[in-house]
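Asker: Next come a sequence and a model predicted from it.
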Amino acid sequence: MKTTNLKALVLGTLFAAATFAAAGDARSDNDAVRSIYGKQIPDDQIEFVSTGDHIKAAAANGAPMLVWEALEHGEKVECLDCIPSVEPLLYDANARTREIAAWWLRRRMIGVFGPGEVYERTLKTLASDASAQKRAYAAYAIGEFLAAPGATALATALGTDGDATVRAAAAAALGRLNDDGAGALGKAMGDADARVKIAALGSAGRINTFSGVANIAALLGDGDATVRRRALELLDAMKAKDSVAAVLSLAQNDASADVRAAACHALGSFRDASVRTTLQTIADKDASSLVRDMAKIALRSL
């Protein structure tokens, strides 16, 4: 980093910290901390708890590390008038800021999940906001709220939103909710956009009860190598032995070495002895050392 850039970064950080400190001391006294977390905590183990003014000042400042600190240390601080300050952070450009804002909001006992409150407004943003970026950020927030009603809204967006970025966000958020959206994830694997398919595969891997193996296997013939590899990895994790013929074909013939290697790994996981001869040929003759090595590893698993 150039000296001038480093100097600007340091000055900017100092300015943000000074502005933030001027809004109020972040540290509460030890008695206040014990009133929240318990009376038996030794002084040297007490971390500060954010005050309401601290949270509002951090949100207004917008500096990511200040926001993260304020909200993390304000997990159990009930502050109704902080909620309007934190809600806009759900649409911040920084992904970590958006995540921790949703994390803090979902812990509020009142002011977030009631009629007309933050959660309902977020659902409406996903459904109808003119900005695709805001709809996508709303989808991620709904996932982070961890509330079951969000699955229906996300499934609707995944199936109907005209913007692939929003559909991909909705697919990712369903995985966060451990919900396939009543089959929406499997259908999304047929989306025209690779980003949506990749997000749907990622979420399917997180869902305990996902059973759409046929939808995943269909992606082994996808035109995007990353989609094919991700589908292979998921079939591998699911020990989907019924797909062995299609996986074996990719191990032999796919143009991408990464895909061939993933296919070899999956064949080893399937432990189907019928592929031994073909794997041996791949181990001996594939043009890629990565694929040859993976085929040798797979052979040891058979």
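Answerer: Received it, and whenever you're ready, just let me know what you need. Computed from a predicted structure; not experimentally measured. Numbering: from 1, shown residues only.
Asker: Now for the nearest residue to residue 135 once chain neighbours are set aside: which residues touch it?
Answerer: The shortest distance from residue 135 to any residue that is not its chain neighbour, by CB to CB, 6 or more residues apart in numbering, is 4.6 Å, and that residue is residue 166. To be clear about C-beta, it is placed using only N, CA and C from the backbone, and glycine gets the same treatment. When contacts are counted by CB atoms under 8 Å, 6 or more residues apart in numbering, residue 166 touches 126, 132, 135, 136, 139, 157.
Asker: Return the distance of the last one relative to residue 187.
Answerer: The one in question is residue 157. When CB to CB, to the nearest Å is the yardstick, residue 157 and residue 187 sit 13 Å from each other.
Asker: For the two, indicate the residue with more neighbours.
Answerer: Between residue 157 and residue 187, residue 157 has the larger neighbour count (other CB atoms under 10 Å), namely 27 against 17.
Asker: that older thread, make TSV from the contacts of residue 166 and add distance to residue 268, pLDDT and secondary structure to it.
Answerer: TSV is the format used below for the contacts of residue 166 (distance: CB to CB, whole Å; pLDDT from 0 to 100; DSSP: H, G, I helix; E, B strand; the rest coil):
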residue	distance to residue 268	pLDDT	secondary structure
126	41	98	helix
132	42	98	helix
135	42	98	helix
136	38	98	helix
139	36	98	helix
157	38	98	helix
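Asker: For PyMOL, what selects the buried ones among these?
Answerer: Selecting in PyMOL just the buried members of the contacts of residue 166, where the criterion is 16 or more other CB atoms under 10 Å, is done with this command:
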select buried, resi 126+135+136+139+157
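Asker: Same list, the contacts of residue 166, but as a markdown table with distance to residue 272 please.
Answerer: Supplementary listing: the contacts of residue 166 in a markdown table, determined by distance: CB to CB, whole Å:
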| residue | distance to residue 272 |
| --- | --- |
| 126 | 43 |
| 132 | 44 |
| 135 | 44 |
| 136 | 41 |
| 139 | 39 |
| 157 | 39 |
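Asker: So which bits of stretch 88-98 are buried?
Answerer: 89, 90, 91, 92, 97, 98.
Asker: One more: stretch 130-146?
Answerer: 134, 135, 136, 137, 138, 139, 140, 141, 142, 143, 144, 145.
Asker: ok, the fifth one touching residue 129?
Answerer: Yes. With contacts defined as CB atoms under 8 Å, residue 138 counts as touching residue 129 at a distance of 7.0 Å.
Asker: Out of the buried residues of stretch 130-146, which sit inside helices?
Answerer: In helices, defined here by DSSP state H, the members of those are 134, 135, 136, 137, 138, 139, 140, 141, 142, 143, 144, 145.
Asker: Now do the helices in the stretch 101-250 of the chain.
Answerer: 118-128, 132-145, 150-160, 164-176, 184-188, 194-204, 213-218, 225-237, 244-253 (DSSP state H, counting those that start in this stretch).
Asker: Among these, which comes closest to residue 72?
Answerer: Among the helices of the stretch 101-250 of the chain, the nearest to residue 72 by CB to CB is helix 132-145 (14.5 Å).
Asker: between the closest one and helix 164-176, how many degrees?
Answerer: Using axes from the mean of the first three to the mean of the last three CA atoms, to 10 degrees, the direction of helix 132-145 lies 0 degrees away from that of helix 164-176.
Asker: rewinding a little: let's have the helices of the stretch 101-250 of the chain in a markdown table, adding distance to residue 287.
Answerer: What follows is the helices of the stretch 101-250 of the chain, written out as a markdown table (distance: least, CB to CB, whole Å):
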| stretch | distance to residue 287 |
| --- | --- |
| helix 118-128 | 47 |
| helix 132-145 | 40 |
| helix 150-160 | 39 |
| helix 164-176 | 33 |
| helix 184-188 | 34 |
| helix 194-204 | 25 |
| helix 213-218 | 26 |
| helix 225-237 | 16 |
| helix 244-253 | 12 |
